[in-house]
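1. Curious how this folds, go ahead:
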Amino acid sequence: MKNLALIVLVLASLILFSCQKDNSTPQGCQFMPSSKTAPASEQQDLHDSLLAHNIQAIKDSSGFFYTINEPGSDKGITDLCTTIAVYYKGSFFDGTVFDSTAIGYPAIFQLGQVIVGWQKSIPLVKKGGDITLYIPPSLAYGDKPVINPNTGDTVIPAHTNLVFHVNLLDIQ
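-> Numbering: from 1, shown residues only. As a prediction, this is how the structure comes out:
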């Protein structure tokens, strides 16, 4: 079930919210950084959720919040074509986990293939880093719910703030 949820999240990210492609970018990278910023109303709602759960986090100018638990060392992410390996857990503010990697089975992908909130936040840490992300809907899945294609069940409702705990294992 966890692998299915991971596939659903990656596919939804690719289809709905991956960044634009452009063959003219430096170093042959096919992904362009997103300039997307969450609307003020979403930023306020996310801030209110953090306060309600007594969570202190840093606000990024694009509207997500984060806490760096461990900055990591060694090399950092150079662009959206960087392949990374992560362990992660995605949940809602009520603690319900909607997806996670299994220990020993990290998720491996190019950064440009995932939601804008991850594209903007994961580069804040280096290899070995650990970060907690609080992402508003427009930097995640927005007004489109994430649906399990096998069951038709809603995995992530539309307009939902998301919490991710991400451990950046490797950068290739």
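
2. I'd like to know which elements the one helix or strand G117 maps to is packed against.
-> Element membership for G117 (DSSP states H and E) is helix 116-121. Helices and strands touching helix 116-121, by 3 or more Cβ pairs under 8 Å, 6 or more residues apart in numbering; DSSP states H and E, are strand 130-135, strand 162-171. Yep, even glycine has a C-beta here, placed from its N, CA and C like the rest.

3. can you put those strands in CSV and add mean pLDDT and distance to T83?
-> Converted to CSV, these look like this (pLDDT from 0 to 100; distance: least, Cβ to Cβ, whole Å):
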stretch, mean pLDDT, distance to T83
strand 130-135, 98, 18
strand 162-171, 97, 8
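
4. now the helices: where do they sit in this structure?
-> 2-12, 40-52, 116-121 (DSSP state H).

5. Alpha carbons of the longest one, in PDB - could you do that?
-> Taking C-alpha atoms only, helix 40-52 is exported to PDB below (Å, rounded to 0.1, in the frame of the first residue of the first chain):
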ATOM      1  CA  ALA A  40      -1.800  35.200   1.400                       C
ATOM      2  CA  SER A  41      -4.900  33.400   2.500                       C
ATOM      3  CA  GLU A  42      -3.200  30.000   2.300                       C
ATOM      4  CA  GLN A  43      -0.100  31.400   4.100                       C
ATOM      5  CA  GLN A  44      -2.300  32.700   6.900                       C
ATOM      6  CA  ASP A  45      -4.200  29.400   7.200                       C
ATOM      7  CA  LEU A  46      -1.000  27.500   7.400                       C
ATOM      8  CA  HIS A  47       0.500  29.900   9.900                       C
ATOM      9  CA  ASP A  48      -2.700  29.500  12.000                       C
ATOM     10  CA  SER A  49      -2.400  25.700  11.900                       C
ATOM     11  CA  LEU A  50       1.200  26.000  13.100                       C
ATOM     12  CA  LEU A  51       0.200  28.200  16.000                       C
ATOM     13  CA  ALA A  52      -2.700  25.900  16.900                       C
END
